[in-house]
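A.B. asks: Model the following, please.
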Amino acid sequence: MKQFKVVIEKHPDGYVAYPLGMKGVVVGQGDTYDDALADVKSAIRFHLETFGEDALDLDSPVIEAFVAETIVAA
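C.D. replies: The predicted structure is shown next:
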């Protein structure tokens, strides 16, 4: 078993989820938070079964993740 940090974004039309620390495109989606989380877990499992340890970004593991907002003048 491996633990992943997952970012889940809420959009007007549903939720999108993606793991940190993996190579390639791994994404899940759903109408609810739980649906998106379940979908991304399935996508992670499939990605690992397909690519093995090569799918993991072992050179730069994610220790913590933060979400911040800022304003940028255009």
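
A.B. asks: which residues in this structure form helices?
C.D. replies: 33-51 (DSSP state H).

A.B. asks: low-confidence ranges in it?
C.D. replies: Counting by pLDDT under 70, the chain contains no low-confidence residues.

A.B. asks: can you map out the strands along it?
C.D. replies: 6-11, 14-19, 28-30 (DSSP state E).

A.B. asks: Tell me the buried residues in stretch 49-61?
C.D. replies: The neighbour-count check on stretch 49-61 (16 or more other Cβ atoms under 10 Å) flags 55-56 as buried. Every residue, glycine included, has its C-beta placed from N, CA and C.

A.B. asks: Off-centre distance for it?
C.D. replies: A distance of 14 Å separates the centroid of the chain from that of stretch 49-61, by Cα atoms, centre = their mean, to the nearest Å.

A.B. asks: Same question for stretch 38-47.
C.D. replies: That offset, for stretch 38-47, works out to 9 Å (Cα atoms, centre = their mean).

A.B. asks: again with stretch 39-49
C.D. replies: Chain-centre distance of stretch 39-49: 10 Å, with Cα atoms, centre = their mean.

A.B. asks: which parts of it are buried?
C.D. replies: So for stretch 39-49, counting by 16+ other Cβ under 10 Å, buried means 39-40, 43-44, 47-48.

A.B. asks: quick one: which of the strands of the chain is nearest T70?
C.D. replies: Comparison of those against T70 by Cβ to Cβ identifies strand 6-11 as nearest, at 17.1 Å.

A.B. asks: Partner strands of the closest one and their direction?
C.D. replies: For strand 6-11, the paired strands and their directions (DSSP bridges) read strand 14-19 (antiparallel).
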